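K.L.:
Make a model of this:
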Amino acid sequence: MSSDISLNLYDAIAVAIHPSSRGKGTLVVANKEIHTARDVTKTNSFKLEAFRSPYGALGYVTESKPRYYRTPSRDHTVSTPWSIDRIETLPKVDVVYAYGALESELVRAIAANASGLVFAGTGNGNIAEHLVEPLREATRGGLHVVRASRTGSGIVIRNGAQLDDEYDWIVVDDQPPHKARILLMLAMLSNPDERRALQAAFYRF
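P.N.:
Here you go, the predicted model:
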């Protein structure tokens, strides 16, 4: 009969000020659950339990206090080489979602105006045969191609669905396309041309 905004805000403040939250990075609190920002995604447009993490919540808010059962294992926040105080601009990175009639000309046009491209393929980041060569051309021209999956969860395995080593492509590990875009932009600030370092960032953060 009412919005959950006030309770979520109350719980979020309770989590933020509690000493046990220190060192866990950016957190998202909703529906009495505490999630790490790296993993959480909104999975429903209107339900109260809309926010979900593929590995579950870090903990819960009970009696106005956080109760944790696990901690983030990837480097985050102050463990990263990036600081908002030193970032003025970010490289242009676009996301392309695979669909049946996706034309190579459209992929070429998007790639021509970007420094990076996250391709959300089917299944394990599959890329249709007629799109492989346009993406290889873009890679040879300096574009960073990152393979992701449009499925919503799971790991994209390097050299699984495509010849990533041969094509000099990057895979997202377990990140959804929209989060992979942000990580690629940040990683390119440190290693704009080194694809091995960019791939390592997806396994580290």
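K.L.:
Please identify the helix or strand for residue 197.
P.N.:
Per DSSP states H and E, residue 197 falls inside helix 195-204.
K.L.:
who touches that helix?
P.N.:
Under the criterion Cβ atoms under 8 Å, 6 or more residues apart in numbering, residues 74-75, 144, 146, 158, 168, 170-173, 175, 180, 183-184, 186-188, 190-191 lie in contact with helix 195-204. For every residue, glycine as well, the C-beta is placed using N, CA and C.
K.L.:
Next, the residue nearest to the spatial centre of the chain: phi, psi?
P.N.:
Central residue check for the chain by Cα atoms, centre = their mean: the C-alpha nearest the mean position is that of residue 179, 2.3 Å away. Taking degrees, to the nearest 10, you get phi -80, psi -30 for the backbone angles of residue 179.
K.L.:
Equivalent analysis for residue 105, please.
P.N.:
Per degrees, to the nearest 10, the backbone of residue 105 is at phi -60, psi -40.
K.L.:
returning to what we had before: so of the contacts of helix 195-204, which ones are in strands?
P.N.:
144, 146, 170-171 (DSSP state E).
K.L.:
Just put the residues you listed in TSV and tack on pLDDT.
P.N.:
Putting the ones in strands among the contacts of helix 195-204 into TSV (pLDDT from 0 to 100) gives the following:
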residue	pLDDT
144	98
146	98
170	98
171	98
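K.L.:
most surrounded residue in these?
P.N.:
For the ones in strands among the contacts of helix 195-204, the largest neighbour count, defined by other Cβ atoms under 10 Å, is 29 neighbours, found at residue 146.
K.L.:
what bridges to that residue?
P.N.:
With DSSP bridges as the criterion, residue 146 is bridged to residue 118, residue 170.
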